[in-house]
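> here you go, sequence then predicted model.
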Amino acid sequence: MSYESRPESEEPTEKEKRRIWIALAFALALTIAIATLLDFLFQGISLGFTIPFLNKPATISGIVYQASVITVALYIGFLGLKELIVERRFSVEFLMSVAAFGALYLNFLFEAATVLFLYSLAEYFEDYIQDKARKTVEKLSQFMPNKASVIVDGSEKRIDVNEAQPGMTMVVRPGERIALDGTIVEGHSSVDQSLITGESVPVSKKVGDCVYAGTLNSSGVLKIAVSKKVQDTLVSRIATLVIESRKRKASIEKLVDKFARVYVPMVMAAATFTAIALPGLTGAPFEMWLYRSLILLVISCPSAFIISVPATVVTAVTVAARKGILVKGGIYIEKMAKVKGIVFDKTGTLTLGRPTVHCISSVGNSDQRALAFAAALEQFSKHPLAQTIVKKATEQNLNFGKLQVRDVEEIPGKGLAGYVDGAHVVVGNMELMEQYSCNCEAINEIYENEKHTAVCLSMDKCAVASFCIMDDVREGAAEAIEDLKKAGIYTVILTGDKREIAQEVGKKLGVDEVHAELFPEDKLRILNETKAKYEIVPMVGDGVNDAPALAASDVGIAMGGSKVDVALESADVVLVKDELIQIPYLIKLSDRTVKIAKQNIATSIAIKIILGTLGLFGFIPLWFTVASGDDGLTMLLLLNTLRLTKVKL
């Protein structure tokens, strides 16, 4: 039963299923041990009559074998028959049941019991290995609190999370997990977000910051305005996304499905021909060819590649999710393994997307005094550049709030003017300086040579400083570009920003190709040209402004961060932690995934051909075929799949 169709409430049934398999394996192991001991010590203990139909002397060891084999084979056969009727395909259970009854008819009692024992044991371990990916997703739900403390009519009340509505205020104390997504309205704390982003270090959170359900409040008391219902929280959507990603199959998975539809009937036809036609054609006994046909029947079981290839892809998606990379399907894993070129948006992707004061050029004043006087005036404006200057002054612990400010006037699109500690101060662009007849000779050269945004400061009609405001390169961007180039991947920047600024960022990061001052249609044109040259080309953007380009690319990769909800809707891959270094990691993981999937297919087919040939000529017994050619092989391939958990950049 697939995880996506099984409600959480049915989880005990899945555990019960595994208990049945291990119980059957234990019973069969006990049967083999007791019967072998009786055969060895007492020749099976004859009962003095012949078993009908089988026409074999009855012994206690034989009856022990037959009772166990018939019971287990009927149970397994019932499961297989049900699948044959409902899904119209031969299942592994059906084929194993036929093989066991065939061996029983030929009086290969030990082999009949061993076939079923190995199968039952393998089913238990296969379920266990396959469930590791599903369990990783379920862990998300395990950390979700069932209750939330909310403020109702001025008092705190515990309610079920399903009753909580957006707009309510939650109270979360140190050591408690946050029950619902929301925004901090009061308090400051460190929050462990490893469940969502994989970050090992708690993140500092303050008023205005977003927090997510399931994350752990480490220190201070927080009051949080609920923003989403429980079913719409990020953690719930991530769980759903990982589960639904199994529906978006890679082409290699579809190929395996098509191959299995041809392979199984073909080998079963060969087994039937062996049992019916070869005795007459060769003159050899029917029993010999029936036994060999049972080996072919076991070889026809496609479970090794039918299970291992999808398990490989699901494991890759799950491993990526644990690293903070949300992949919406196996098809994108397969595409990322073929990437030879990649396109980046600049603003908000390679750069932080928010302006910062990069440097201060002052004349006749200290940089700190110029910054303090500018911030004293800019604190009264909500313009992003004004807020950038205020933030810089705050970071430097300048007491600009103590300066006396009066007669503040904001000139839209130009800047502000007013009096600070008795001096007439103007902060803004050069046009504003000229409007107030300021003498700008001291900063003219600085202003004209500045590629980035420049904000001028004048005091008493004399320009004294220029602030260079720019969008800083994102931490880890250079390392990511370097790793991509080492992997032989061509890198391109597409941006609507100034050519000088774009080329500066491209040179700093070592990007191969830079296109600037682009309109949206220009971005799409260059993206298509890059795809024509490098075939599979992902586009990395912020998931909001770049939605058209992301949609046109082969794989749309969005920076999550504070916009992770939007990114989940618009992109094929979401980097929850906004770490560009995850892109070369994803490419490496995808490449390893495809290689392991191909290894599993090739290994499975090769071993089945070899064992089928050996079995047809009578060189190997039936039990060995099951152990090495079906269940043993499936377990080996699943264990090979788990190598993906060890992939590192």
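Cool, got the structure.
> the strands in the stretch 501-649 of the chain, which residues?
Using DSSP state E, counting those that start in this stretch, the strands assigned to the stretch 501-649 of the chain run over residues 513-515, 538-541, 555-559, 573-575.
> of all those, which lies closest to Val647?
Set against Val647 and scored by CB to CB, the strands of the stretch 501-649 of the chain come closest in strand 573-575, at 16.1 Å. Where C-beta positions appear, they are placed from N, C-alpha and C, glycine not excepted.
> what would the strands of the stretch 501-649 of the chain look like in CSV with mean pLDDT and mean neighbour count?
Output for the strands of the stretch 501-649 of the chain, formatted as CSV (pLDDT from 0 to 100; neighbours: other CB atoms under 10 Å):
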stretch, mean pLDDT, mean neighbour count
strand 513-515, 92, 19
strand 538-541, 89, 28
strand 555-559, 86, 28
strand 573-575, 86, 27
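> Thr641: which of the ones you listed is closest?
Short answer: strand 573-575, nearest of these by CB to CB, at 20.9 Å.
> sheet-wise, list the partners of the closest one with their directions.
Using DSSP bridges, the strands paired with strand 573-575 are strand 325-327 (antiparallel), strand 555-559 (parallel).
> make TSV out of these and add distance to Asn146.
Formatted as TSV, those follow (distance: least, CB to CB, whole Å):
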stretch	distance to Asn146
strand 325-327	25
strand 555-559	32
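> closest to Gly208 out of the ones you listed?
Ranking the strands paired with strand 573-575 by proximity to Gly208 (CB to CB) places strand 555-559 first, at 19.7 Å.
> chain center to the closest one: distance?
13 Å (CA atoms, centre = their mean, to the nearest Å).
> ok, residues contacting that strand?
Strand 555-559 has contacts (CB atoms under 8 Å, 6 or more residues apart in numbering) with 332, 335-336, 339, 348-349, 536, 538-543, 546, 549-550, 567, 570-575, 578, 583.
> got the buried residues for the one helix or strand Gln66 maps to?
Counting by DSSP states H and E, the element that carries Gln66 is helix 60-87. Neighbour counts over helix 60-87 (16 or more other CB atoms under 10 Å) mark 60-66, 68-69, 72-73, 75-77, 80, 83 as buried.
> equivalent analysis for stretch 35-49, please.
Neighbour-count burial for stretch 35-49 flags Ala35, Leu38, Asp39, Gly44 (criterion: 16+ other CB under 10 Å).
> from those, which single one is nearest Leu371?
Lowest distance from Leu371 to the buried residues of stretch 35-49 (CB to CB) belongs to Ala35, with 89.5 Å.
> chain neighbours aside, what residue packs nearest to that closest one?
Distances taken as CB to CB, 6 or more residues apart in numbering place Ser61 nearest to Ala35, at 4.1 Å, with adjacent residues excluded.
> domains of this protein?
1-143, 147-230, 324-351+473-586, 353-472 (automatic domain parsing).
> chain center to the first one, what's the gap?
Mean-position distance between domain 1-143 and its chain equals 35 Å (CA atoms, centre = their mean).
> where's the closest residue to Arg643 other than its chain neighbours relative to Ser227, distance?
Take Arg643 and drop its neighbours on the chain: the residue closest to it by CB to CB, 6+ apart is Ile596, 6.5 Å away. Per CB to CB, to the nearest Å, Ile596 is found 40 Å from Ser227.
> hmm, back to that, now the strands of the stretch 501-649 of the chain as TSV including distance to Gln165?
As requested, the strands of the stretch 501-649 of the chain are exported to TSV (distance: least, CB to CB, whole Å):
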stretch	distance to Gln165
strand 513-515	47
strand 538-541	33
strand 555-559	29
strand 573-575	27
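> who are the packing partners of the host helix or strand of Leu37?
Assigned by DSSP H and E, Leu37 falls within helix 11-42. Packing partners of helix 11-42 (3 or more CB pairs under 8 Å, 6 or more residues apart in numbering; DSSP states H and E): helix 60-87, helix 109-142.
> so where's the stretch 1-150 of the chain shaky on pLDDT?
Across the stretch 1-150 of the chain, the ranges flagged by pLDDT under 70 are 1-15, 53-55, 125-143.
> and with 50 instead?
Residues of the stretch 1-150 of the chain meeting the criterion pLDDT under 50: 1-12, 133.
> just the chain next, same as before
Low-confidence segments of the chain (pLDDT under 50): 1-12, 133, 200, 562.
> how close does the residue nearest to His188 when sequence neighbours are not counted get to Gly187?
Closest residue to His188 apart from its sequence neighbours, by CB to CB, 6+ apart: Lys206 at 4.9 Å. Lys206 is 8 Å from Gly187, where distance means CB to CB.
> quick one, which of these two is more surrounded?
Gly187 (17 against 11; other CB atoms under 10 Å).
> A strand includes Trp289, no?
No - counting by DSSP: H, G, I helix; E, B strand; the rest coil, Trp289 is not part of a strand but helix.
> so how far is Leu416 from Leu457?
From Leu457 across to Leu416, the span is 11 Å (CB to CB).
> over to Val626?
82 Å.
> please apply the same query to Ala179.
According to CB to CB, Ala179 and Leu416 sit 44 Å apart.
> so which of those two has more stuff around it?
Comparing Ala179 with Leu416 by other CB under 10 Å, the one with more neighbours is Ala179, at 25 against 21.
> so what's that one up against?
By CB under 8 Å, 6+ apart, Ala179 lies in contact with Met144, Pro145, Lys147, Ala148, Val161, Ala164, Met170, Val172, Ala213, Val230.
> can you redo those as a markdown table with neighbour count and distance to Met430?
What follows is these, written out as a markdown table (neighbours: other CB atoms under 10 Å; distance: CB to CB, whole Å):
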| residue | neighbour count | distance to Met430 |
| --- | --- | --- |
| Met144 | 19 | 55 |
| Pro145 | 16 | 56 |
| Lys147 | 12 | 59 |
| Ala148 | 26 | 54 |
| Val161 | 20 | 56 |
| Ala164 | 20 | 53 |
| Met170 | 24 | 49 |
| Val172 | 27 | 49 |
| Ala213 | 26 | 49 |
| Val230 | 21 | 54 |
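> thinking again about what came up before, who wins for proximity to Glu378 among the helices and strands packed on helix 11-42?
Smallest distance to Glu378 across those (CB to CB): 43.4 Å, for helix 109-142.
> next SSE after that closest one?
With elements assigned by DSSP H and E, the helix or strand that comes after helix 109-142 is strand 147-152.
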